[in-house]
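In: A structural model of the following input is requested.
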Amino acid sequence: MKRFIYIFISLLTISLAACNGNKETVIKSSVAELTSFSFANNDSMPGLAAAVFTVEERIDTGLVWNKDSMLYGTRLDSVVPKFTFAATPGSATIYTPTDSIPLSGNDTVDFSRGPIYLSVTSQDGNNTKVYEIRPTVHQVDPDLYKWTQLTSGIYTADESEQRVVELGANFVMIKSNGFALHAYSSADAVSWTDLGEPAGLPAGTKVRQIISDGATLYYGDGATVYTSADAQTWTANTVAYSVVTMLLYWNELVWALVNNSGNYELAYLENNALTLSGLKPDNRFPVSDFATVTFQSPSLRDRAIIIGGFADNGQSLNTRWNLEYSRHTSENNGYRLQEFSIDRPSFTTLTGISVISYNDQLLMFGGVDADMTYFGRNILISVDEGLNWVEADTAKNQLPEVYQARQKQTAIVRNNYIYLFGGQDATTTYSDVYRGRLNSIDWE
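Out: Numbering: from 1, shown residues only. Now for the predicted structure:
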C-alpha cells in the first residue's frame, strides 16, 4: 500500500511538471492601426452619428475624413468620438490645439478647432501611428437663396410694358410703349443686343401675351396667330377661331383661350391650326395680366395653373385654374380643367404676378390686389401645388434692397437659376434684371 501511494505521488509530480513546462507565453501586439471612426449619437445634433468617415492610411500621418459634409450648422464643439482599432492598443491619445486627452471611451472633444490628431501606440510599445481627424461641415447654408442684380437697365426707362421669353439659347425682351415695339436679346441676361422694331406684328400688340415654345414665338389677335423664329420677323397665320389671349406652352403644345360661338374654350395649336380641347371655363377665366406655371405633380401628372388676372369685364380675379393631363382619361382627350378658388375663396385677388416652379415649390413674385396695392418685395411660397401661400422666410430668401415692389415682371428658371426681368410700379417702368439661386438646388 505504501508502495502504491509512493508511485502515485511520483506520477502526479511528473505530470504537473510537464504541464508547467507547456504553459503558453502571452505575446503583445505590435499593431497600431485605426480601422474606423464615428461620432456618438447626440439628440441635439441631428445627423451627427450618420456621418461616414474614411480612414486613409498614409506613409506618415494617416487621415480620417468624411466625403459628404455634415449638415450646415452641425456643432462639433462638444462631441463624443468612437474608435475601432485593428488590435487593442497599448495607449491612444487625442491631441487638440489646447489639450491632450487619453482615450477612455466616453471622452467629449471639441472638434470645431483644428487640427485634431489621434496617436495610437501598440501594446508592445514598439510602434506608434498618428492620424489627423478632419471632420467637415457644410459652410454654406443649403436653404439660403442668393440674389444679385445683373443689370440696372436694359433700355432707358419709358412708359412701356414688356415681355421676356426664352428663344433658343437667348432671352428675348419685347417692349411696347403703346405706339411702337422694340426687341432686345441676350445670352446671359447681362449684355443685351438691340434687335430693333419687330416686323409683322399688328398695331396695339399686347406684348405680355407673347409666349414661346423655346424655338418659336407666338401671338394671337382675333382669327390670326403670328409666329416668329427670331423675334424680329413675324408671320401671320389665319386660324378658325378668334383668339382671346395666348395662354402658355404646356405638355408640348401651345395653348390659347378662344371665342367659340360666343363661349370661352381652351384650344391648342397644331400645324398652325387651332384644335378645340373641349375645356370650357366660365367668365371668371382671365384674359389679361394673369400668371401661368407648369410642373409635374408628385403623382407624375403634367399640370399647369393659371392664376389671377383680369376677366373680360375688367374684374380683378382671385382664381386659380388647374389644367391637368392624364393618359388614363378619355374625356376631352385626357385634359381636365378645375378652378381651385371655388374651394379656397380666401385667396386674394391678384394681377400682374409671376409664378415659377422651383425646388419642388411654387414661388410668386410681385403683383397688386384689387385696390392696386403692391405686394411689396416679399416672395410668396406654396408647397401644396398652389392651394395655399405663405411668405418666404426673409432670413433665407429675400430680394436685394435695391429691388422695388412692382407688378408685370417676368420670372424665368434656367439652369437652376431664377431670373427676374423688369416690371412696373405706379410711377416707374423697370428694365433691370436680377438672378437668384438656392444654394442646395443641385447638391447631390
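In: what bits of the chain have low per-residue confidence?
Out: 1-25, 328-330, 343-346, 444 (pLDDT under 70).
In: how's it carved up into domains?
Out: 34-134, 145-438 (automatic domain parsing).
In: which stretch among the ones you listed comes nearest residue 26?
Out: domain 34-134 (9.9 Å; CB to CB). (C-beta placed from N, C-alpha, C; glycine too.)
In: Quick one: end-to-end distance for the closest one.
Out: 14 Å (CA to CA, to the nearest Å).
In: next one: stretch 287-297
Out: 26 Å.
In: Stretch 48-66 too?
Out: 12 Å.
In: Any chance you could list what contacts it?
Out: Stretch 48-66 is contacted by residues 33-42, 67-68, 70, 74, 79, 117-118, 129-136 when judged by CB atoms under 8 Å, 6 or more residues apart in numbering.
In: Show me the residues you listed that map onto helices.
Out: When the contacts of stretch 48-66 are checked against helices (DSSP state H), there are no matches.
In: Drop anything exposed from these.
Out: Burial by neighbour count, 16 or more other CB atoms under 10 Å: within those this picks out 33-34, 37-39, 70, 74, 79, 117-118, 129-133, 135.
In: Using JSON lines, lay out the domains of the chain together with distance to residue 28.
Out: Putting the domains of the chain into JSON lines (distance: least, CB to CB, whole Å) gives the following:
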{"stretch": "domain 34-134", "distance to residue 28": "4"}
{"stretch": "domain 145-438", "distance to residue 28": "56"}
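In: Would you mind finding the most buried of those?
Out: With neighbours taken as mean count of other CB atoms under 10 Å, these reach their highest mean count in domain 145-438, at a mean of 17.
In: Please state the offset of it from the chain centre?
Out: 20 Å (CA atoms, centre = their mean, to the nearest Å).
In: cool, and stretch 36-52?
Out: That offset, for stretch 36-52, works out to 27 Å (CA atoms, centre = their mean).
In: First-to-last residue distance for it?
Out: End to end - CA to CA - stretch 36-52 spans 10 Å.
In: Where strands are concerned, which of the contacts of stretch 48-66 count?
Out: Judged by DSSP state E, these include 34-39, 117-118, 129-134 as members of strands.
In: related to what we said a few turns ago, tell me the one among the buried ones among the contacts of stretch 48-66 nearest to residue 381.
Out: residue 74 (25.5 Å).
In: does the residue lying closest to residue 282 once chain neighbours are set aside count as helix, strand or coil?
Out: Closest residue to residue 282 apart from its sequence neighbours, by CB to CB, 6 or more residues apart in numbering: residue 264 at 7.4 Å. Counting by DSSP: H, G, I helix; E, B strand; the rest coil, the backbone at residue 264 sits in strand.
In: Residue 264 bridge partners, please.
Out: Counting by DSSP bridges, residue 264 forms beta bridges with residue 259.
In: when you give positions from now on, start the count at 26
Out: In the new numbering, first residue 26, that becomes residue 289.
In: give the contact list for it.
Out: So residue 289 contacts 269, 282, 283, 305, 306, 307, 308, 310 (CB under 8 Å, 6+ apart).
In: Now render the residues you listed as JSON lines, adding secondary structure.
Out: Formatted as JSON lines, the contacts of residue 289 follow (three-state DSSP):
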{"residue": "269", "secondary structure": "strand"}
{"residue": "282", "secondary structure": "strand"}
{"residue": "283", "secondary structure": "strand"}
{"residue": "305", "secondary structure": "coil"}
{"residue": "306", "secondary structure": "coil"}
{"residue": "307", "secondary structure": "coil"}
{"residue": "308", "secondary structure": "coil"}
{"residue": "310", "secondary structure": "coil"}
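In: what would the residues you listed look like in JSON lines with distance to residue 389?
Out: As requested, the contacts of residue 289 are exported to JSON lines (distance: CB to CB, whole Å):
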{"residue": "269", "distance to residue 389": "24"}
{"residue": "282", "distance to residue 389": "22"}
{"residue": "283", "distance to residue 389": "27"}
{"residue": "305", "distance to residue 389": "27"}
{"residue": "306", "distance to residue 389": "21"}
{"residue": "307", "distance to residue 389": "24"}
{"residue": "308", "distance to residue 389": "24"}
{"residue": "310", "distance to residue 389": "19"}
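In: rewinding a little: for the residue nearest to residue 307, give its distance to residue 333.
Out: 17 Å (CB to CB, to the nearest Å).
In: try residue 142
Out: Taken as CB to CB, the span from residue 142 to residue 333 is 61 Å.
In: On the three-state scheme, residue 279 is what?
Out: strand.
In: Please name the nearest non-neighbouring residue to it.
Out: residue 294 (4.2 Å).
In: Hmm, residue 278 and the one you found touching each other?
Out: Yes: the pair formed by residue 294 and residue 278 meets the contact definition of CB atoms under 8 Å, at 6.9 Å.
In: Point me to the residue sitting closest to the centre of the chain.
Out: Centroid-nearest residue in the chain: residue 384, 3.0 Å away (criterion: CA atoms, centre = their mean).
In: Test my guess that it contacts residue 464.
Out: No: judged on CB under 8 Å, residue 384 makes no contact with residue 464 at a distance of 10.6 Å.
In: Could you pull up the residues touching residue 442?
Out: 460, 461, 462.
In: which stretches of the stretch 276-425 of the chain form strands?
Out: 278-285, 288-295, 298-301, 316-321, 327-332, 345-350, 360-364, 379-383, 386-390, 405-407, 415-416 (DSSP state E, counting those that start in this stretch).
In: in its sheet, what does the shortest one sit against?
Out: Just to be clear, that refers to strand 415-416. Applying DSSP bridges, one finds strand 415-416 paired with strand 405-407 (antiparallel).
In: Now do the same contact list for residue 240.
Out: Residue 240 sits in contact with 192, 193, 254, where contact means CB under 8 Å, 6+ apart.
In: Return the closest of those residues with respect to residue 394.
Out: residue 192 (32.6 Å).
In: Bridged to the closest one, which residues?
Out: Here residue 192, judged by DSSP bridges, has bridge partners residue 195, residue 239.
In: separation between it and residue 294?
Out: Taken as CB to CB, the span from residue 192 to residue 294 is 17 Å.
In: same deal with residue 114?
Out: Distance from residue 114 to residue 294, by CB to CB: 75 Å.
In: Which helix or strand contains the nearest residue to residue 418 once chain neighbours are set aside?
Out: Spatial nearest neighbour of residue 418, excluding adjacent residues (CB to CB, 6+ apart): residue 168 at 8.0 Å. Residue 168 is part of no helix or strand when elements are defined by DSSP states H and E.
In: Count residues in the vicinity of residue 168, would you?
Out: 14 (other CB atoms under 10 Å).
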